[in-house]
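Engineer: Here is my input, please return the structure:
(one chain, ligands or ions: 1)
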Amino acid sequence: MSAAEPAEPVEPALVECFTCGAPFPPARAALGYNLCLTCGEEAARQARTSWCIVPTHKGHYTRITKKEELKHLNQKTR
Ligand SMILES: [Zn+2]
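Structural biologist: Okay, the predicted model is just below:
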């Protein structure tokens, strides 16, 4: 049995990008990202194009980012 090892600051392991497998700092993963910077920007761009702007019955426009929100809105206006 060896004596207790000296407490060394453990270098945080890099997190692998969910899409391309490229390593990125765990600090980014702590923010809720599972993509590297490149893939994150690409995903954000694709998400933006899938959004749609719909007019509400109140006469202003709202940005819908989820299909569920759109369904909810449709039920309300009916
Ligand atoms: Zn990536």
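Engineer: In this structure V54 contacts H60, no?
Structural biologist: No - V54 lies out of contact with H60 (CB atoms under 8 Å); the separation is 10.4 Å. (C-beta placed from N, C-alpha, C; glycine too.)
Engineer: Which of those two has more residues huddled nearby?
Structural biologist: Taking neighbours as other CB atoms under 10 Å, V54 and H60 compare with V54 leading, 14 against 7.
Engineer: who touches the spatially closest residue to the more buried one that is not a sequence neighbour in this structure?
Structural biologist: Nearest non-adjacent residue to V54, counting by CB to CB, 6 or more residues apart in numbering: I64, 5.6 Å away. Contact analysis of I64 by CB atoms under 8 Å, 6 or more residues apart in numbering lists 51-54, 70, 73.
Engineer: Identify the farthest-apart pair in the residues you listed.
Structural biologist: W51 and L73 (13.5 Å; CB to CB).
Engineer: Compare those two (neighbour count), which wins?
Structural biologist: Between W51 and L73, L73 has the larger neighbour count (other CB under 10 Å), namely 15 against 11.
Engineer: And the helix ranked longest in the chain, what's buried?
Structural biologist: Counting by DSSP state H, the longest helix found in the chain is helix 37-50. For helix 37-50, a neighbour-count test (16 or more other CB atoms under 10 Å) marks 39-40 as buried.
Engineer: if you average pLDDT over that helix, what comes out?
Structural biologist: Average pLDDT, helix 37-50: 90.
Engineer: CA atoms only for the next helix or strand after it - export them in CSV, please.
Structural biologist: Counting by DSSP states H and E, the next helix or strand C-terminal to helix 37-50 is strand 52-55. Provided in CSV are the C-alpha atoms of strand 52-55 (Å, rounded to 0.1, in the frame of the first residue of the first chain):
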residue,chain,number,x,y,z
CYS,A,52,-40.3,30.8,-38.2
ILE,A,53,-41.9,34.1,-37.5
VAL,A,54,-45.7,34.0,-37.1
PRO,A,55,-48.1,36.9,-36.7
